[in-house]
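Asks: Build me a model from this:
(3 chains)
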Amino acid sequence: MTQPVLDVQDLTVRVGSIEVVHQVNFALEAGQRTGLIGESGSGKTLTALAIMGLLPDGLSASGRVLHRGRDVLAMSERELCAVRGDQMAMIFQEPMTALNPVMKIGQQVAEPLRLHRRMGGRQAHAAAVRALERVRLPDAAEKMHAYPHQLSGGQRQRAMIAMATACSPDLLIADEPTTALDVTVQAQILDLLVGLVEEGGSSLLLITHDLPVVANVCQRVLVLYGGRIVEEGSVQDVFGDPRHPYTRALLDAIPPLDEDLPDRKLKAVAGSVPGLGEFPPGCPFRNRCPRADGACVVMPELDGTDHRAACWHPLT
Amino acid sequence: MAVQIVVQLGWLVVSLVAASVLVFTVTNILPGDVAEVILGTSATPEALETLRHQLGLDQPGWMRYLQWVGGMLHSDFGTSLLSHSAVGPLIVQKLAVSGPLALTSAVLALALALPLGVLAGVNYRCPAGTLISVVSLVGIAVPAFWAGLLLATVFAIQLKILPAGGFVDWSANPLAAARALVLPSLALGLVQAAVLTRYIRSAIVEVQREDFIRTARAKGLTRWQALHHHGFRYAAIPVVTILGVQLTGLLVGAVVIENVFVLPGLGRLLFQSVGNRDLIVVQDLVMLLTAVVLVVNFVVDLSYRLLDPRIRSTA
Amino acid sequence: MRRRTPPTLLIGGFLVALVIVTALTSAVWTPTDPTHVEVSARLKGPTPTYLLGTDQLGRDELSRIMAGARNTLLIGIVTVLIAIGVGVPLGGIAALYRGRLEDATMRFSDVLLAFPAILLAIMFAAVFQPSTVTAMAAIGIALVPVFARVVRGAGLQVMQQDYVTVTRTYGGGNGWIFIRHLLPNVSSVLIVQATVAFAVAILAEAALSYLGLGTPPPTPSWGRMLSESQTFLDQAPLLAFWPGVSIALTVLGFNLLGDGLRDLLDPKLVERLPAQG
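Replies: Residues are numbered from 1 along each chain as shown, chains lettered A, B, ... in the order given. Okay, the predicted model is just below:
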């Protein structure tokens, strides 16, 4: 059996002594698309940053993050720099701030090519134009000389995607790639992403709070709450037959478009997400869960084989 | 963009005119006047009147203002009310002292602040960075003229290797002239360096928190490469602002330092002219200094447009 | 997560408190009368009677330093008040009315910016007799643009907020908005700026006093004490030390205080974690 592209083992991220991501385990096979679902404060972005080795100063990660067998967390900065942008790439949520406002788009897209493929100026420029065309940015050649503020939100995100996929990485992490965009543009960008990933045979880790997006794009899904994976499985299993109360609550909160709601009320998830470090001991969902009881002061492990939930009282 | 530059130039001219009016108005509401200073308090009213007429002080304000401005535009800075020598050449002569002083201080300040500020900014979590930050904080609190006094005490009085004051003409003894400028430049330059270091460090620390630096690292650049290729250009914007402001501080500091070390430069000339109520010289010098500041601000503004493409697109 | 008190705030606060306490104490007690001349005791080094030595007229240096603190603080307070009194309305007008009025006030502020305090003071000295008042006026005017800019900048942000639009819908005029919404929301920036301006004012006053354009004798003033000490640099070098150290510590204190307040009041500058946890 071939090695998974990404194998995350017992990943824990700490801010000082506070654990914000606990013992996260999952693997990504070649060509697989997995979604990481969570609300704000669930730790999903930090998980992604930990995988890339880009945690902000003051945070630390432990565990193992194996990319093609090599532990990212054990690599030196030099080794990481060789891998980042080339074999592992990340797309960020807010393209306006993630792109350098005082540098031309073309230069920014060409940069990974110059760095990892040792291309000279002209060669890199041509390759960058091709990359922009691949993401279907209109007038790619002209846009090379544009600055980020001169592009629309969707165009900026396309440029980001071009930048990330320029060297055909085998692992692409997309952190809320469409959240900052108009609804009409979202679908286009997602299609583009899926197309590129399939074409290049890469694996995609899609991080989002938007369940329908995961349902449309991914094959597997991980549900994150309070820094822990509370449910994982194939998209059909998890969305069709949710086992964890939190997943159920998330699905229930999506307003249906084809019928009226009972009582004409939206079913919001009760309570609000606690701040970092303020989750209760044991199961983090304990104080918002309708099924919680005394047993829940101890954190349950993920059970089952393929469709797994971490709950003492799963729905099925 | 050319249109914007022309508009900015227009504003520069307006500011210069406004400043000149301000300067003229302030220096000309005098209780006492030059005639009294020259002839003494026992002079007869008739003698004072005659002198005032000779010096042109009895003409209406607006006429004197226009004469003054008109003269300046023709490089004629008038004649000193006291010494009757042309002010223009006088200024040039004093410039030979103040110019090198300001220049040396500025160069020293930049040469120290740029590397130290960047170092402190890049290593802001390390002891080295913190040390530089603390030292620069202390340096800011030190008045430049006190630094001058301390330096003079140590190097001139105790160690006796450098002069504590005075100046020798460049043409007479260039080495002595240079030596006379060492301590003043050091005092001024070190204090300026402290201020600049602080700001540069702060700009570098701030830029490292920006999202696009994280993106650069995600592409495979090292921290240093990300800073070098992406950070510096972005951080240059606030730094250029500070350089402009600091130049004003430098000019003012030079005026004070010249009095500490008794250097016959523009600062001392200004000071003495104020005491002597020599209107014309005071007006000219203050106008000169103000004009330099306004022009520097204009250049700083221009450089924003070069550095930040976002400003170029909007009005 | 709770933030711990920034060390800059503590050290700065301590230094500022020290100066304030010294100034207040000197109003009721000093070891000796700071203006009492004792020619036989001139230029002495530190002794048990004169803890910091004496100056060229035999006056107790320690008492003069203490009294000087009063002078320094007084000038600092008045100049900052002048600058706020003129600068805040100026900046507020610019932010509230926008358009031509904003341009005009900002340009005026820019022209003022071209006149450093010392230059203004020198000009004033040419016109009036140099005194504490002229120094305060000069420094106060020179600091106006700083506050005008800061208030305009923060004010513009406030004006973008929805609650301002809401206020207008129920009839709140510009004056009302200025007092009830603009001022409270720029107050934290204003406080930080005021402490920094205080530090700048003290340095400027020191330079002016040194040049003889500030507080005239016999009131003790640190800057003037430095200039008086210059003639006796070879005989009593310590006299050049004490006033300078006092100035530096006071300025350092206010700068640190301003830094500490900024860290405390401005959440943006605290170490932030990525937005979507």
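
Asks: Tell me which stretches of the stretch 101-250 of chain A form strands.
Replies: A:171-175, A:203-208, A:220-225, A:228-234 (DSSP state E, counting those that start in this stretch).

Asks: which stretches of chain B aren't confidently modelled?
Replies: B:29-41, B:55-56, B:81-82, B:313-315 (pLDDT under 70).

Asks: of all the residues in it, which ones are close to chain A?
Replies: Proximity of chain B to chain A (Cβ under 8 Å from any Cβ of the partner chain) is limited to residues B:125, B:210-212, B:214-223, B:229-230, B:233-234, B:307-310, B:313. Where you see a C-beta, it was placed from the backbone N, CA and C, and this is true even at glycine.

Asks: ok, now which ones touch the residue nearest in space to the middle of chain C?
Replies: Nearest to the mean C-alpha position of chain C, counting by Cα atoms, centre = their mean, stands C:Phe198 at 1.4 Å. By Cβ atoms under 8 Å, 6 or more residues apart in numbering or on different chains, the contact set of C:Phe198 is C:Gly76, C:Ile77, C:Val80, C:Phe254.

Asks: Over to A:Val197?
Replies: Here A:Val197 is in contact with A:Gly31, A:Arg33, A:Leu172, A:Ser203, A:Leu204 (criterion: Cβ under 8 Å, 6+ apart).

Asks: now, which of the residues you listed sits nearest chain B?
Replies: Ranked by distance to chain B (Cβ to the nearest Cβ), the contacts of A:Val197 are led by A:Leu172 at 11.2 Å.

Asks: okay but that closest one is in contact with A:Ile91, surely?
Replies: Yes - using Cβ atoms under 8 Å, A:Leu172 makes contact with A:Ile91 at a distance of 7.1 Å.

Asks: Overlap in contacts, those two.
Replies: A:Ala164.

Asks: Under the pLDDT cut-off, which ranges of the chain? List them.
Replies: If you meant another chain, say so; for now it's chain A. A:1, A:261-262, A:264, A:276-277.

Asks: was after chain C, sorry
Replies: Residues of chain C that meet the cut-off, pLDDT under 70, sit at C:1-4, C:266-277.

Asks: Residue for residue, what is the longest helix it has?
Replies: Assignment by DSSP state H gives helix C:61-97 as the longest helix of chain C.

Asks: What are the boundaries of the helices in the chain?
Replies: In the absence of a named chain, chain A is used. Counting by DSSP H, chain A has helices at residues A:44-52, A:77-83, A:95-98, A:105-116, A:121-134, A:140-143, A:153-165, A:183-200, A:211-217, A:235-240, A:245-253.

Asks: try again with chain C
Replies: Using DSSP H, helices in chain C cover C:7-28, C:61-97, C:99-113, C:117-127, C:132-160, C:162-169, C:174-177, C:183-210, C:222-230, C:242-265.

Asks: so which of the ones you listed gets nearest A:Ile18?
Replies: Closest approach to A:Ile18 among those (Cβ to Cβ): helix C:242-265, 21.0 Å.

Asks: just checking, what packs against the closest one?
Replies: helix B:127-141, helix B:144-151, helix C:7-28, helix C:61-97, helix C:183-210, helix C:222-230 (3 or more Cβ pairs under 8 Å, 6 or more residues apart in numbering or on different chains; DSSP states H and E).

Asks: What residues sit buried inside the last one?
Replies: Yep, that's helix C:222-230 we're talking about. Neighbour-count burial for helix C:222-230, with 16 or more other Cβ atoms under 10 Å in any protein chain shown as criterion, is recorded at C:Trp222, C:Gly223, C:Arg224, C:Met225, C:Leu226, C:Ser227, C:Glu228, C:Ser229, C:Gln230.

Asks: Tell me the one of these nearest C:Ala23?
Replies: C:Trp222 (11.7 Å).

Asks: Just confirm the closest one contacts C:Gly214, I think it does.
Replies: No - shown here, C:Trp222 and C:Gly214 do not form a contact pair, counting by Cβ under 8 Å, at 9.8 Å.

Asks: mind listing the strands for chain B?
Replies: Counting by DSSP state E, chain B has no strands at all.

Asks: Residue of it closest to chain A, please.
Replies: B:Gly220 (3.3 Å).

Asks: residue contacts, that residue?
Replies: A:Cys81, A:Ala82, A:Val83, A:Arg84, A:Gly85, A:Asp86, A:Pro112, A:Leu115, A:His116.

Asks: Identify the residue nearest it in space, chain neighbours excluded?
Replies: Spatial nearest neighbour of B:Gly220, chain neighbours left out: A:Gly85 (3.3 Å); criterion: Cβ to Cβ, 6 or more residues apart in numbering or on different chains.

Asks: Got the phi and psi for that neighbour?
Replies: For A:Gly85, the backbone dihedrals (degrees, to the nearest 10) come out as phi 90, psi -20.

Asks: What's the local residue count around residue 5?
Replies: Here I'm looking at chain A. A:Val5: 23 surrounding residues under other Cβ atoms under 10 Å in any protein chain shown.

Asks: oops, chain C please
Replies: 11.

Asks: Contacts only, for it.
Replies: C:Thr5 touches C:Gly260, C:Leu264, counting by Cβ under 8 Å, 6+ apart.

Asks: Please tell me how far it sits from C:Leu261.
Replies: Per Cβ to Cβ, to the nearest Å, C:Thr5 is found 11 Å from C:Leu261.

Asks: Which residues of the stretch 51-200 of chain A lie near chain B?
Replies: A:52, A:54, A:57, A:77-78, A:81-86, A:89-90, A:92, A:94, A:97-103, A:111-112, A:115-116, A:147, A:149-150, A:160, A:163-164.

Asks: Take the strands of the stretch 101-250 of chain A and lay them out in TSV including mean neighbour count.
Replies: Below are the strands of the stretch 101-250 of chain A laid out as TSV (neighbours: other Cβ atoms under 10 Å in any protein chain shown):
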stretch	mean neighbour count
strand A:171-175	25
strand A:203-208	25
strand A:220-225	25
strand A:228-234	24
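
Asks: So which of those is nearest B:Ala152?
Replies: strand A:171-175 (60.1 Å).

Asks: quick one, that closest one and helix A:183-200 angle?
Replies: In terms of direction (axes from the mean of the first three to the mean of the last three Cα atoms, to 10 degrees), strand A:171-175 departs from helix A:183-200 by 170 degrees.

Asks: B:Val69 contacts B:Ala19, correct?
Replies: No - assessed by Cβ under 8 Å, B:Val69 is found out of contact with B:Ala19, at 11.3 Å.

Asks: Have a look at the two and say which one is more surrounded.
Replies: For B:Val69 versus B:Ala19, neighbours defined as other Cβ under 10 Å are more numerous around B:Ala19 (20 against 16).

Asks: quick one: contacts for that one?
Replies: B:Met287, B:Thr290, B:Ala291, B:Leu294, C:Val111, C:Ala114, C:Phe115.

Asks: Near the single nearest residue of the stretch 101-250 of chain C relative to chain B, how many residues? Count them for me, please.
Replies: Per Cβ to the nearest Cβ, the residue of the stretch 101-250 of chain C with the smallest distance to chain B is C:Gly244, at 3.8 Å. Applying other Cβ under 10 Å, we find 23 residues neighbouring C:Gly244.

Asks: Excluding sequence neighbours, find me the nearest residue to it.
Replies: B:Trp146 (3.8 Å).

Asks: Then C:Thr195?
Replies: Counting by Cβ to Cβ, 6+ apart, the nearest residue to C:Thr195 once its immediate chain neighbours are dropped is C:Gly258, at 3.7 Å.

Asks: can you map out the helices along the stretch 51-200 of chain B?
Replies: B:61-73, B:87-122, B:127-141, B:144-151, B:174-208 (DSSP state H, counting those that start in this stretch).

Asks: quick one: the nearest residue to C:Gly91 once chain neighbours are set aside from C:Gly260, how far?
Replies: Nearest non-adjacent residue to C:Gly91, counting by Cβ to Cβ, 6+ apart: C:Val151, 2.9 Å away. Going from C:Val151 to C:Gly260 by Cβ to Cβ gives 22 Å.

Asks: Out of the two, name the residue with the larger neighbour count.
Replies: The neighbour comparison of C:Val151 against C:Gly260 (other Cβ under 10 Å) goes to C:Val151, with 27 against 21.
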